[in-house]
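Undergrad: I'll drop the sequence and a predicted model, then ask my questions.
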Amino acid sequence: MVFNSLTFVAFFALVLVVHNLPLAWTWRKVNLLLASYLFYSAWNPPFVILLWISTVVDWYAAQGLVKARRESARHAWMLLSVIANLGMLGYFKYGTFLLDNFAAVLHAAGVAYQPAPYDIVLPVGISFYTFATLSYTLDVYLRRALPAENFLDYALFVTFFPHLVAGPIMRPTELVPQFEQPRRANADQLRFGLALMTLGLFNKVVLADSFLAPVAEHVYDANKIPGALDAWAATLAFSGQIFCDFAGYSTTAIGAALCLGFAMPDNFRFPYAAVGFSDFWRRWHITLSSWLRDYLYIPLGGNRHGERRTYAALMTTMLLGGLWHGASWTFVAWGGLHGAYLAVERFLRRRFAGYKPGALALVLLGLLTYALVNVTWVFFRAKTFDKAWLMLRGMAGANAQAKPILESFYLISVAVIVGGLLFAHWFMRARTLEGVVARAHPAAIGAVWALLAFAIVIAQGSGASFIYFQF
Amino acid sequence: MDMRRHDVSPEDQVRYLRRGNYARVTAADRPGVAQPVPEREVPAQPWGRILLGTVIGFALLLGTWEWHWRAFGVRPAYRNDSGLWAIQRRRIDNGEGNATVLVGSSRMFMDLQLDVWQKLDGERPIQLSWEGTTSLPFLEDLAADPRFTGRVIVGVAPELFFSGYGFHKDSIKYYQKQSPSQRIGQWLSMHLIEPFWAFDDDDYALATVIERQPWWPDRPGKPNRLHVRRLNVSGPDRATQLWNKVGSDQDYRVLASRVWMQDFVPSDDDPKPEAAAKTRDEQIDRAAKAVAKLRARGVKVLFVRPPSAGPYLEYDLRLYPRASSWDTLLAKSGAPGIYFSDYPELSRDWYLPEWSHMQVGDARRFTANLHAIVVRNFWKPDSAK
């Protein structure tokens, strides 16, 4: 079920009540585990089986890793986990993509091959929980952690509903220890958790779904030729939409966990105030970028084997990171562009090692970073390369036959919301939400909270899925 | 759980924070180590008092909003969305496959009154019409479902049916893939929200309300367009009627009419005549195929062209002259049809406030007259089942 639904409101209220009953800790964990399965099966019950497979395979793989005496046996257990998880991901997420590309290659070679329809439904959040479970066996394999002692704690780590389908991607060392001791939110944690959930849902339901998504749809999904204003407005709208959608989800998830007495890590640090792309990736989807760094970039050699190898590792990581987002070459292009940006930045940082930007230069470099990030969003949002080129040509003002697409309301709402978002990110660049809230007047906090809640209700969201559920 | 290498020295943490101007260490600042249990501080504030103030403020704001819309004339009603449609569509799967089903556009949706039909016919039809959309995808959906063996009345609004404009066709996919969560949410909404709150309607959603304010300037080359306002009120089984405000409120009626009038003048977005004719013929061919499929398993199909009036009727006829559209549809599909102007009892002086839909009183009389014609000329009692 999605956070922005009546079903979730009822579900969460029930979970909270049971979690706060005077029951033994084990039973309260069982409640959370069953609730998490219910949360997941509310989309499509049979897919719970995939969760079980992933859970059980990695549990036994980690046990095997610890018991293995020979290095080859350790490799085998690790490979079992990787193959099982990535195999499942590959089958459900990339099957059609691989088959289509295989057919295209054969076609290019002059072989007429028409594959049978591959009508597989993508299980929601499969990319997230396979990465979470993989990190469990990989941490044990890399001797960063010992396996969980208790299957219930481990299963709950995999399944815990706040992070299950769209992150933050939790590491076992972040969550399993929290299940070892009884936890229950105190009154202030519960209230602040509810405030975070309100903020997250406001981002999703009001900003992303109600105001920004329609602007992007009007241009990206229409069969029209956009001019510079429309192409930029739609792309900026999407940049705001995807941030509000995904950061909104993470904030809601963090708030929900806090209401239950658990802590989850930040997934965003006001990324549109980033200066440069290494900074951007330390602010955007932090739990994915750090996962890719720890389990892909570093094992590929990282920056330990010379410049060429570093660049190769960087590009490989970002290309695969792009593919993680979706089974399409446009996502690969998105990842490739980010990889290229990071490589160029790395080169420039080494070339101008002593350069320290002043305040104005910092803002200008930040705006340049944001503009270039927007270029990558074109490939992320466009369904085809043709559409992406059309949008990019539009953004460059090179579409000669363009006619206005968006009415003034849409242009103004993008300017106000995305402008406000940029301002907020720059203001919050070196701050935390908690720090700002701690210094605010209580009446102001209450007024803003009430307004956000009111806006969520009157926005009347349709319970639209979060964008990242598809990944 | 043991964490062997999660410690990053305090010096390193400070270095990371300074380098990126970050306020808090995250996994991004701890490469290649096991990540520790996160810490989430709660800002020191009187959260009990804040929550109380929030609840009071929220209640006041929501109460004012509800009062505003009730003062505008809105009363609680059921949301006419894909969830509500799916409930009706599912009746065919759950033992009512031999029912009379209505597919059509807004005229079939608002002009045909289910309770009147039920009183005369003995059974309540399943209302699957959608406003603002061609009925063809829904006819094809029924044709593809062998469980449906009843009778179907297909409403034809020329500018929608023959143009193939499919505004709500996603509802079929929604019905096919509706998740347990969505079903539960639908039930909760229909029992806890919709019967009690007037503001709960797409027309009064925040973004819609703001978009419809008069202060937005016209963009050169893209003037602001009036969007269709709320016209109907629906019950839990999608029994629907024209909202009485459309007939009784002069300003609202004028506004609703102005919305239609925008379509009556040619625009750059209109398809070329050849393309429109091609689309029309394709729609007719698709309809004929669907009808053939339905009739092959004994389903009775009846096309109905409900009334329009004034400039809307002129527009309908100008865009799709009867001979090349309606008459061709009947000829190619082989199904019978009722064109309102062929029957004096269907073409009397109905009151269509915005030239397209009947007020509820006339809709009830229209339904009774239509039923009489159907029974007399097409579906004799007990002939279908």
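TA: Cool, the structure landed.
Undergrad: near chain B, which residues of the stretch 101-250 of chain A?
TA: Applying C-beta under 8 Å from any C-beta of the partner chain, we find that the stretch 101-250 of chain A lies next to chain B at A:139, A:143-149, A:153, A:171-178, A:180, A:187-189, A:191-192, A:194-195, A:206, A:210-211, A:214. In short, each C-beta sits where N, CA and C put it, glycine included.
Undergrad: In helices only, show me those.
TA: Taking DSSP state H, the ones among those that sit in helices are A:139, A:153, A:172-175, A:187-189, A:191-192, A:194-195, A:214.
Undergrad: What subset of the residues you listed is buried?
TA: With burial judged by 16 or more other C-beta atoms under 10 Å in any protein chain shown, the buried subset of those is A:139, A:153, A:172-175, A:188-189, A:191-192, A:194-195, A:214.
Undergrad: Just flag the most distant two among those residues.
TA: Farthest-apart pair in those is A:Asp153 and A:Pro214; separation 43.7 Å (C-beta to C-beta).
Undergrad: And the strands in the stretch 51-200 of chain A, which stretches?
TA: With DSSP state E, counting those that start in this stretch, there are no strands along the stretch 51-200 of chain A.
Undergrad: Next: the stretch 201-350 of chain B.
TA: With DSSP E, counting those that start in this stretch as the criterion, the stretch 201-350 of chain B has strands spanning B:232-234, B:240-242, B:300-305, B:337-339.
Undergrad: Ok, which of those strands comes nearest chain A?
TA: Closest to chain A of these is strand B:232-234 (C-beta to the nearest C-beta; 15.8 Å).
Undergrad: show me what contacts the most centrally placed residue in chain A?
TA: In chain A, the residue lying closest to the centroid (C-alpha atoms, centre = their mean) is A:His285, at 5.3 Å. Neighbour list for A:His285: A:167, A:246, A:267-268 [criterion: C-beta atoms under 8 Å, 6 or more residues apart in numbering or on different chains].
Undergrad: What confidence value was assigned to it?
TA: As predicted, A:His285 sits at a pLDDT of 94.
Undergrad: Quick check: phi and psi at it.
TA: When read as degrees, to the nearest 10, the backbone of A:His285 gives phi 40, psi 60.
Undergrad: gap between it and A:Ser250?
TA: Look at A:His285 and A:Ser250: by C-beta to C-beta, to the nearest Å, they are 9 Å apart.
Undergrad: overlap in contacts of those two?
TA: A:167, A:267-268.
Undergrad: Touching, A:Val15 and A:Pro162? I think so.
TA: No: assessed by C-beta atoms under 8 Å, A:Val15 is found out of contact with A:Pro162, at 10.3 Å.
Undergrad: quick one: common contacting residues for those two?
TA: Listed as contacting both A:Val15 and A:Pro162 by C-beta under 8 Å, 6+ apart are A:Leu260.
Undergrad: Can you get me a residue count around B:Asp141?
TA: Per other C-beta atoms under 10 Å in any protein chain shown, the neighbour tally for B:Asp141 reads 21.
Undergrad: The one 10 residues further on too?
TA: B:Arg151 is surrounded by 24 other residues when neighbours are defined as other C-beta under 10 Å.
Undergrad: for it, what are its contacts?
TA: B:99-101, B:299-302, B:379, B:384.
Undergrad: so which of the strands of the stretch 201-350 of chain B is the most packed in?
TA: strand B:240-242 (a mean of 26; mean count of other C-beta atoms under 10 Å in any protein chain shown).
Undergrad: sec struct for A:Ala453, please.
TA: Three-state assignment for A:Ala453 (DSSP: H, G, I helix; E, B strand; the rest coil): helix.
Undergrad: burial of it, as a residue count?
TA: Look at A:Ala453: counted by other C-beta under 10 Å, it has 23 neighbours.
Undergrad: Would you agree it is in contact with B:Phe58?
TA: Yes: judged on C-beta under 8 Å, A:Ala453 makes contact with B:Phe58 at a distance of 4.9 Å.
Undergrad: Which element, helix or strand, includes A:Leu421?
TA: Using DSSP states H and E, A:Leu421 sits in helix A:408-427.
Undergrad: In terms of secondary structure, what does the helix or strand just after that helix contact?
TA: As assigned by DSSP H and E, the chain's next helix or strand after helix A:408-427 is helix A:433-439. Packing partners of helix A:433-439 (3 or more C-beta pairs under 8 Å, 6 or more residues apart in numbering or on different chains; DSSP states H and E): none among the helices and strands.
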